[in-house]
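Asker: the following block contains a protein sequence and its predicted model.
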Amino acid sequence: MNTFGNKFRVSIFGESHGPVVGVTVDGVPAGLPLSADDFKADILRRKPGAVGTTPRVEADVPDFLSGVYEGHTTGTPLTIIFRNENTRSADYAGFRENPRPGHADHVADVKFSGFNDPRGGGHFSGRLTLGIVAAGVIAKKMHPELSVKAVLKEVGGIADASLWSEAVKAAAEEGDSLGGIVECRVQGLPIGLGEPFWDSVESLISHAVFAIPGVRGIEFGDGFGTARIKGSENTHKGGVVGGITNGEELLFRVAFKPTASIAKAGIPGRHDACFALRTPVITEAMTAIVFANL
Ligand SMILES: Cc1cc2nc3c(=O)[nH]c(=O)nc-3n(C[C@H](O)[C@H](O)[C@H](O)COP(=O)(O)O)c2cc1C
């Protein structure tokens, strides 16, 4: 199953080298103005183009199949597709026979009894995050009172952003890859969102954020650092207490692994040497989706 949420229900679909990837969102109120222009800025932030991102370039123009009429949402399920036009499936022909370590090729083959589409990672490709970004645009538009902002804080363990492109370039030249850390802040939250146990704000955000391919860790406020300080030193930053928003800024960080498909391991195809560069907007989208549900 590939659906998250109950009030703002998001289903993502498609395969990296199939005809389309996309998203269906149920729970969007009627009458919200919505056009392709609303998606431009966030889609651009997810697009490759920077040093260390995949050379596969797609137009990524949203095509509304349902739920939008004469520039406004209708209140019924809203489906958006994005066509896949720049595919080179021959590069990925052997992934069923030679599954990539660190990618989902083998588990997908076993779980779906060999019926999965293995081209370009199929349904497990980072390309599927385009639908997530689109749902995030709608969620943000529904809640203009919230400011959801994610930025990259580290690449390959380096905090100084002026050194990132050199580091990524050097790793790519060696046929290697780098990971990164994204920090997300949400302002404008009221006191009281979230539930005490299973649906705590941290649980829901973790649920959504771990659905982004390549996520390896998440910490709220001072996170793991709080285990190393005294109670008297702990200011409890982070914006959530008892699973419930406390009206302060929500702050969390997400760790993305280095790309598994690397030339050093003999893996063909067009890959991001550092896909973390493209993930702040995806992290924002997941966060906005969670708050649209709350
Ligand atoms: C935007 C984006 C782009 C990605 N690009 C690649 C890529 O080019 N090559 C690759 O091996 N993994 C890439 N990944 C990561 C894989 O999709 C991910 O590692 C894989 O699905 C296995 O999932 P897991 O790492 O969460 O276990 C990308 C992830 C994202 C979010």
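Answerer: Noted; the coordinates are in hand.

Asker: residues near the residue in the stretch 51-200 of the chain that the ligand sits nearest to, how many?
Answerer: The ligand sits closest to Gly126 of the stretch 51-200 of the chain, with a gap of 2.3 Å, by Cβ to the nearest ligand atom. Where you see a C-beta, it was placed from the backbone N, CA and C, and this is true even at glycine. For Gly126, the count of nearby residues is 22 (other Cβ atoms under 10 Å).

Asker: that one: what's it in contact with?
Answerer: Counting by Cβ atoms under 8 Å, 6 or more residues apart in numbering, Gly126 makes contact with Pro213, Gly214, Asp272, Phe275, Arg278.

Asker: and what of Lys47?
Answerer: Val57, Asp60, Arg278.

Asker: buried ones among these?
Answerer: Buried members of the contacts of Lys47, counted by 16 or more other Cβ atoms under 10 Å: Asp60, Arg278.

Asker: now the contacts of Lys47 as TSV including secondary structure?
Answerer: Below are those laid out as TSV (DSSP: H, G, I helix; E, B strand; the rest coil):
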residue	secondary structure
Val57	coil
Asp60	coil
Arg278	helix
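
Asker: make CSV from the contacts of Lys47 and add distance to the ligand to it.
Answerer: Output for those, formatted as CSV (distance: Cβ to the nearest ligand atom, whole Å):
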residue, distance to the ligand
Val57, 13
Asp60, 12
Arg278, 4
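
Asker: ok so, going back, redo the contacts of Gly126 as a markdown table? Include secondary structure and pLDDT.
Answerer: Listed next are the contacts of Gly126 as a markdown table, based on DSSP: H, G, I helix; E, B strand; the rest coil; pLDDT from 0 to 100:
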| residue | secondary structure | pLDDT |
| --- | --- | --- |
| Pro213 | coil | 98 |
| Gly214 | coil | 98 |
| Asp272 | coil | 91 |
| Phe275 | helix | 97 |
| Arg278 | helix | 97 |
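
Asker: please enumerate the strands of the stretch 101-250 of the chain.
Answerer: 147-155, 180-187, 215-220, 240-241, 244-245, 250-256 (DSSP state E, counting those that start in this stretch).

Asker: so the third one versus strand 180-187, what angle?
Answerer: Direction vectors for strand 215-220 and strand 180-187, defined by axes from the mean of the first three to the mean of the last three Cα atoms, to 10 degrees, enclose an angle of 40 degrees.

Asker: okay, angle between strand 215-220 and strand 250-256 too, please.
Answerer: Put simply, strand 215-220 runs at 160 degrees to strand 250-256, going by the same axes, to 10 degrees.

Asker: on that earlier part again, out of the strands of the stretch 101-250 of the chain, the one nearest Ile205 is which?
Answerer: strand 250-256 (6.5 Å; Cβ to Cβ).
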